[in-house]
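> Okay, structure incoming, though there's no sequence with it:
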């Protein structure tokens, strides 16, 4: 056709997509009816995974900048694209409803023809986890994680370890919060409590005391945890540094100020992503248990037991979620210096 006369099926490459379903059970001349559903569901997952990677990589590019100007569209665009990832993951969870219309007997009609192929071999899903920040050493069953991949795929996944992850970029961005370097925003700050011997900024001295007073006796161990997370030495087991954790907590506490609204939405959307990925794993666990009981997966994993352990361990942004343990109610928050309030309302430098 002449250039400019785009045709629907050609634009979407439907000749390739709609002819990419080749049921293995049909090779033996006895095609299982539900294998078509099984293939289409998993092909759809992979298409959505491709879109998720497209969004995450674009957001990572934004956060790779040395500076993200709050009055520019960058942060808004990043949050918008991450919220799209959340919606895609919600669809991925709902797709389990469709595949669960297939009964265990329907699955047994073609299950043996799949071996040793398995969703465990999804390169794109592994790439999503790695790009967001899940490291090999943090995975459940890490010794098996790449064992079933082709050599080139194994090399690709293991090579992702050398790339900077999104949560590392997030950590660097949080560490750049500019409000703590000097007295510019604290000249008129009124102390709520007498000084103490804690080696920390005057605001955080007040906040620590306020937090301590908000806890009941059973919660008192949280005080040391707060100090370890927000003021301890850099812990190589944690994805967020103490200074990044303080910045994230400050954003969560004072999110009602205009300049912190978008950063708060960013942090909250990352928790939504973790939640939806956990929901997807949970639905997958129940589906696997329903389909094969206690039998091993087609890829040789322990099936339900492996998926349950991965669900419990593979939260990527759990350190952001933990910060809610260190919150106090709005009415007890320290009153900020008026110069800082002006900056948080786009009325000053940031």
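That came in fine, so what should we check first? Since the structure is predicted, the reported quantities are computational estimates derived from the model, not experimental observations.
> Every contact and neighbour count from this point should use C-alpha atoms.
Fine.
> How much space separates residue 136 from residue 20?
32 Å (C-alpha to C-alpha, to the nearest Å).
> Neighbour count: those two, which is higher?
Higher neighbour count among residue 136 and residue 20: residue 136, with 18 against 12, using other C-alpha atoms under 10 Å.
> Could you check how far the more buried one is from residue 16?
35 Å.
> Residue 177 too?
For residue 177, the distance to residue 16 - C-alpha to C-alpha - is 49 Å.
> what about the two, which has more around it?
The neighbour comparison of residue 177 against residue 16 (other C-alpha under 10 Å) goes to residue 177, with 17 against 11.
> And the pLDDT at that one?
For residue 177, the model assigns a pLDDT of 89.
> Also the one 4 residues further on?
Note for residue 181: predicted pLDDT of 71.
> That one: how many residues sit nearby?
Neighbours around residue 181, by other C-alpha under 10 Å: 9.
> I'd like the numbering to begin with 427 instead of 1 from here.
With 427 as the first residue, the last one maps to residue 607.
> Quick check: the gap between it and residue 669.
12 Å.
> again with residue 585
Residue 585 is 29 Å from residue 669, by C-alpha to C-alpha.
> Give me the more crowded residue out of those two.
Legend: neighbour count by other C-alpha under 10 Å for residue 585 and residue 669, higher for residue 669 (21 against 10).
> Phi first, then psi, for the nearest residue to the more buried one once chain neighbours are set aside.
Counting by C-alpha to C-alpha, 6 or more residues apart in numbering, the nearest residue to residue 669 once its immediate chain neighbours are dropped is residue 601, at 5.7 Å. Here is the backbone geometry of residue 601 (degrees, to the nearest 10): phi -70, psi -20.
> What mean pLDDT does the helix or strand harbouring residue 629 get?
In the assignment (DSSP states H and E), residue 629 maps to helix 628-640. For helix 628-640, the mean pLDDT works out to 94.
> which other helices and strands contact the helix or strand encompassing residue 676?
Per DSSP H and E: residue 676 is located in helix 668-679. If contacts are counted by 3 or more C-alpha pairs under 8 Å, 6 or more residues apart in numbering; DSSP states H and E, helix 668-679 sits against helix 592-601, helix 647-657, helix 684-718.
> Alright, I will stop here.
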